[in-house]
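S.K.: Need coordinates for the below:
(chains A and B)
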There are 2 protein chains.
Amino acid sequence: VTGTAAGPGSRLLVVGSGLIGTSVALAAGAAGWQVWIDDIDADRLRVATTVGAGRSWQPSREPVDLAVVAAPPSITGEVTAGLIQSGLASTVTHVCSIQTPPRCYLETIAVPTARFLGSHPIAGRERSGPHHASADLFRERPWIVCPAADTDQDSLAVVERLAADCGGLVTRMPEAEHDALLARLSHVPQLVASALAGSLTGLAVGDVALAGSGLRDTSRLADSDPTLWTEIVEGNRSAVAAALRGVLDPLVELLDALEAGSEGAAGQVRALLEAGRAGRSLLGGKHGSVAVRWATVSVVVPDSPGKLARLLADAASCGVNVEDIRVDHAPGQPVGMVELDVRPDGRQTLQHALDGHGWTVTSSPAPAP
Amino acid sequence: VTGTAAGPGSRLLVVGSGLIGTSVALAAGAAGWQVWIDDIDADRLRVATTVGAGRSWQPSREPVDLAVVAAPPSITGEVTAGLIQSGLASTVTHVCSIQTPPRCYLETIAVPTARFLGSHPIAGRERSGPHHASADLFRERPWIVCPAADTDQDSLAVVERLAADCGGLVTRMPEAEHDALLARLSHVPQLVASALAGSLTGLAVGDVALAGSGLRDTSRLADSDPTLWTEIVEGNRSAVAAALRGVLDPLVELLDALEAGSEGAAGQVRALLEAGRAGRSLLGGKHGSVAVRWATVSVVVPDSPGKLARLLADAASCGVNVEDIRVDHAPGQPVGMVELDVRPDGRQTLQHALDGHGWTVTSSPAPAP
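M.R.: Numbers count the residues shown, from 1 in each chain, chains lettered A, B, ... in the order given. All right, here's what the predicted structure looks like:
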């Protein structure tokens, strides 16, 4: 079975048993694919097969319909080339965060690319390794596929089938466009978050504890893996540089104005803040629509087992859907504020219901857009 | 009643009925203070008194024990000076995000400062106005008070009593130290988040929708009020400049290396990421301790009323406390992933309990610190 008919029952080889590879194997297996998995690291491979990510690959096997390379960016091109040359897979794809370098590698060593195309599931977190893998990692997430002009249509179909069977939302995009976009949406935010968190070193823990939740959110990405990110930035140098310049230029100009005591600094701060609000309005809210402004109901919740559950049960009793929830623990104390986001027209109903159940509640109407 | 005896029954005047001033009035009133509130904006003042933030101030009244100036940074010094000169309050404080400029103003016009000191509750969000106010806004939050060498001890006591009665966690700090610290913990993160979000303008909504949750977190602060932040940055120019330089220098060096195609760029990316992880480890986790690494249990939750409540009720049934919760909506689809953070030793119990209740569950052990 190859090409458009691929799917449940088809044969899949996943090369690389990290977080992404193992999750692809788990998800495809759950969707009915026959899955083999391979890794040069025998220990990691054993973890992957133990959590159910398919059978360990033996090179003597019959060819598979699709091979997925889930290796670090720095060796994705090489591993992909080896698979194409081996003839062990009808189609070869990868799931690398950068798309241009693997194809450049294939073209440089003149490997045929008609039955190859890259892809990129937008998933994964500040974690790694097969023990963090999940069959649901890609569920309802974007999965970008990057066909080229010479890509075989059957190969495109089998890769898109895998992505869909893993629960992903398939979007096609040329490789260069992918790399430029991800530099802006992912690679530069990573660098900025790391620089911001890095600037805290040297402060006392007690002083840093005075930070509000804003700093925690803004720096969360800084927990990411340095090795992986070094390879991603290295592999996407020019696009990252262009995107980084777009973020740094206004900040450097502002810094110059602040240091010079320039009269224009205030105007620059305001312009920066206004641009930020305009950019945020593009960031989709729930369900990919333009951001909805929810009304927020804030509740004081003691830190003891079951309290969050009771809160949400009380909220559910009035029929208002909780669209989002944030738990904000205060430094030093066993009490947290929980913020429940609801549609603006459900705010009063929820507030009254929670009041009636004895919760300490405050709320805010939806802010103006 | 003045000085150390201040507290419930004492007389408080709040000048300014925005988010912070109205919240101070509500919190102090709930703690038993007699509260008056004033504002040059009659409409805003009416909202504040309507939500229960005390009585509207009449200048003919007897003096109060404490006046709190909750005005925009640009006029805090002037309003504070007027109150001190009027003799209407035994002690005057403010709740401004910057501490040095108001005192400079008082010293410049030679107003006596013995019964004045600034303070700063670390609270407030990407919202403003009295309709967002809450008596719980300061609960379990840091509230920095900034006495100077000449500060009267009774004045210090009454300000700290107000902060404690509002639920705040009182920390003393010299003004200059406050302004330098907040530049790093708050003002520069704001500018960086705004610059990052601002760099998205020009992208199509559909392209921005491909962003992962990392960009949403990193840019959330960019929703903040441009006018307020322009005044904060203006008022804290030199500290903001120094802190901004600390964040920008490594990024500018990296940008130069990337644009020059320098061999050293990879090492710079790695150093930036490593520094970011070190900085993040300083950011207190729950209860102000050094960050705890929770184990995360991820659950697929359909988007319908009551589902979150049922999930947390099922979680509570096994006695494991949910320490934190994140709801991650996927673009385009009515299903979300909910991540529950629990102590590592509670992970398996929770996972089995949720499995048993029919939830689609995946989990990860705590990552290495």
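S.K.: Skip ahead from the helix or strand harbouring residue A:281 and say which helix or strand is next.
M.R.: Using DSSP states H and E, residue A:281 maps to helix A:265-282. Remark: after helix A:265-282, the chain's next helix or strand is strand A:295-302, criterion DSSP H and E.
S.K.: partners of that following strand, with directions?
M.R.: Strand pairing for strand A:295-302, determined by DSSP bridges: strand A:335-342 (antiparallel), strand A:360-364 (antiparallel).
S.K.: Buried residues of the next helix or strand along the chain from the longest one, list them for me.
M.R.: Next helix or strand after strand A:335-342 toward the C-terminus (DSSP H and E): helix A:347-356. Residues of helix A:347-356 classed as buried under the neighbour-count rule (16 or more other C-beta atoms under 10 Å in any protein chain shown) are A:347, A:350, A:351, A:353, A:354. For every residue, glycine as well, the C-beta is placed using N, CA and C.
S.K.: Quick check: which helices or strands does the helix or strand where residue A:214 lies pack against?
M.R.: Per DSSP H and E: residue A:214 is located in helix A:213-219. Applying 3 or more C-beta pairs under 8 Å, 6 or more residues apart in numbering or on different chains; DSSP states H and E, we find helix A:213-219 packed against helix A:188-198, helix B:188-198, helix B:213-219, helix B:265-282.
S.K.: any idea how far residue A:19 is from the residue positioned nearest the centre of chain A?
M.R.: For chain A, the residue nearest the mean C-alpha position is residue A:123 (3.6 Å; C-alpha atoms, centre = their mean). To residue A:19, residue A:123 is 9 Å away according to C-beta to C-beta, to the nearest Å.
S.K.: quick one: common contacting residues for the two?
M.R.: Here residue A:123 and residue A:19 have residue A:137 as joint contacts, going by C-beta atoms under 8 Å, 6 or more residues apart in numbering or on different chains.
S.K.: Dihedrals phi and psi, residue A:168?
M.R.: Here is the backbone geometry of residue A:168 (degrees, to the nearest 10): phi -80, psi 160.
S.K.: Same question for the one 4 residues further on.
M.R.: With angles defined as degrees, to the nearest 10, residue A:172 sits at phi -90, psi 150.
S.K.: Skipping adjacent residues, who's closest to it in space?
M.R.: In space, and not counting its chain neighbours, residue A:172 is closest to residue A:145: 5.5 Å by C-beta to C-beta, 6 or more residues apart in numbering or on different chains.
S.K.: low-confidence ranges in chain A?
M.R.: A:1-5, A:124-127, A:284-293, A:303-305, A:328-336, A:362-369 (pLDDT under 70).
S.K.: all helices for it, in order.
M.R.: A:19-30, A:42-50, A:73-86, A:100-108, A:153-165, A:175-182, A:188-198, A:205-208, A:213-219, A:226-235, A:237-260, A:265-282, A:307-316, A:347-356 (DSSP state H).
S.K.: Which stretches in the stretch 1-150 of chain A count as strands?
M.R.: Counting by DSSP state E, counting those that start in this stretch, the stretch 1-150 of chain A has strands at residues A:11-15, A:34-38, A:55-56, A:64-69, A:89-94, A:116-121, A:142-146.
S.K.: Take the helices and strands packed on helix A:213-219 and write them to TSV, including mean neighbour count and distance to residue B:244.
M.R.: Output for the helices and strands packed on helix A:213-219, formatted as TSV (neighbours: other C-beta atoms under 10 Å in any protein chain shown; distance: least, C-beta to C-beta, whole Å):
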stretch	mean neighbour count	distance to residue B:244
helix A:188-198	28	10
helix B:188-198	28	5
helix B:213-219	22	17
helix B:265-282	21	16
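S.K.: Could you point out which of those sits nearest residue B:155?
M.R.: helix B:188-198 (30.9 Å; C-beta to C-beta).
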